[in-house]
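> Sequence and predicted structure, then a few things I'm wondering about:
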Amino acid sequence: MMNERARATNTGLPDDTHMISFGERVMSLSPKRQRMILNMLDQLEIEQGILPQGALDRLSLFGEWTGTTPPENILEDHGDGPTFSNDLLSYAVENGMSLDWFWMGDERGLVICAHNEARENLS
């Protein structure tokens, strides 16, 4: 099932790469990564659209920048409302992804972390 927010088209490139667009942003993805992202989008739509705007773009960018594969299971609901999945929390810890940045797009934590690390290195 094709998600309405993400549209994929065959580019005809020899490596079977596809283009996927998120609003105005277009990325070249392998079929495996394309399926993973579309599955994540479908899962999140099932979770009643609680994902903040841009969060999937940030998760995809983080995976692209770090050469890692984000987890497919982002949210879990154990009866008391959706929360981050253990897979997502483990991925964030293992790869240094800021949850503030992923969820809210808040860069402040990244800046403060880099600032504090620089000050510690000066000591």
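Yep, it's here. Residues are numbered from 1 along each chain as shown.
> mind checking pLDDT for residue 63?
pLDDT for residue 63: 93.
> for residue 94, same thing?
Looking at residue 94, the pLDDT reads 95.
> Can you tell me how far it is from residue 66?
Noted for residue 94: a distance of 10 Å to residue 66, by C-beta to C-beta, to the nearest Å. For the C-beta atoms, the positions are set from N, CA and C on the backbone; glycine is no exception.
> More neighbours: which of those two?
In this view residue 94 and residue 66 are compared by other C-beta atoms under 10 Å, and residue 66 has more residues nearby, 12 against 9.
> got a list of what the more buried one touches?
Residue 66 makes contacts with 95, 97, as judged by C-beta atoms under 8 Å, 6 or more residues apart in numbering.
> What of residue 101?
Residue 101 touches 58, 107, 109, 110, counting by C-beta under 8 Å, 6+ apart.
> Check residue 58 too.
By C-beta under 8 Å, 6+ apart, residue 58 lies in contact with 101, 102, 105.
> element containing it, please.
In this assignment (DSSP states H and E), residue 58 forms part of helix 55-66.
> Sort out which residues of that helix are buried, please.
If you call a residue buried by 16 or more other C-beta atoms under 10 Å, then helix 55-66 has these buried ones: 55, 56, 58, 59, 60, 61, 62, 63.
> and which of those residues is nearest to residue 80?
Nearest to residue 80 among the buried residues of helix 55-66 is residue 55, at 21.0 Å by C-beta to C-beta.
> Could you check how far residue 52 is from residue 79?
Taken as C-beta to C-beta, the span from residue 52 to residue 79 is 23 Å.
> An error on my part: the question was meant for residue 32.
From residue 32 to residue 79 the distance is 33 Å (C-beta to C-beta).
> More neighbours: the two, which one.
Taking neighbours as other C-beta under 10 Å, residue 32 and residue 79 compare with residue 32 leading, 9 against 4.
> Please identify which helix or strand holds that one.
Assigned by DSSP H and E, residue 32 falls in helix 31-46.
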